[in-house]
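Colleague: Prediction below, plus the sequence it came from.
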Amino acid sequence: MTAVVRNGYVARWRVVEYEASPDGQVVRLYADAPAAGFEEVRAGRYRRLVPWDELDWFGYVRTVAAWRDLPVLVLAERDGQVRVEYLGGVAPLALEAGLTRTEPGVYQGWVPRAEVVAVQEVRTP
């Protein structure tokens, strides 16, 4: 299992990757520790606005894996368990595996971390 589950926008700026959020002509970069040029927006959260043309890379990152031979999105980790969301699109398989329907077409559940395999980050530029 990866040390950190990442799902969302990411930007590489000056060789460092940050959680990011597009905002018109700029991208908001977020850090968990103080850094030069970043302002504290709340305790333990720092932000810097950077023009698009200064970024080395910008894209979307998803953490995907397999659980019981089903393709899943890894959403979170806690206490030896992993929150997964089924990606296969066949509702009866998700239900049979023990996942819960959280909204139409979405099946999620907490599963043992040891059962989640082939974890990888997928990047979409």
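Modeller: That came in fine, so what should we check first?

Colleague: Would you map the helices across this protein?
Modeller: Using DSSP state H, the helices of the chain run over 91-97.

Colleague: Would you map out the domains in it?
Modeller: Per automatic domain parsing, the domain ranges recorded for the chain read 8-60, 61-124.

Colleague: which residues pair with the closest residue to V72 other than its chain neighbours across the strands?
Modeller: Using CB to CB, 6 or more residues apart in numbering and skipping residues adjacent in sequence, the residue nearest V72 is V84, 3.9 Å away. The way it works is simple: take the backbone N, C-alpha and C, and place the C-beta from them, glycine included. Judged by DSSP bridges, the bridge partners of V84 are V74, G109.

Colleague: Who are the contact partners of V84?
Modeller: 65, 67, 72-75, 99, 108-109, 111, 116 (CB atoms under 8 Å, 6 or more residues apart in numbering).

Colleague: repeat for R101
Modeller: 91, 94-95, 107.

Colleague: try E115
Modeller: Residues near E115 by CB under 8 Å, 6+ apart: 67-68.

Colleague: Over to V50?
Modeller: Per CB under 8 Å, 6+ apart, neighbours of V50: 11, 13, 26-27, 29.

Colleague: what do you get for G89?
Modeller: G89 makes contacts with G105, as judged by CB under 8 Å, 6+ apart.

Colleague: go with 10 Å
Modeller: Neighbouring residues of G89 by CB atoms under 10 Å, 6 or more residues apart in numbering: 71, 105, 107.

Colleague: In ChimeraX, how would I select the buried members of the residues you listed?
Modeller: Selection command for ChimeraX covering only the buried members of the contacts of G89, criterion 16 or more other CB atoms under 10 Å:
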select :107
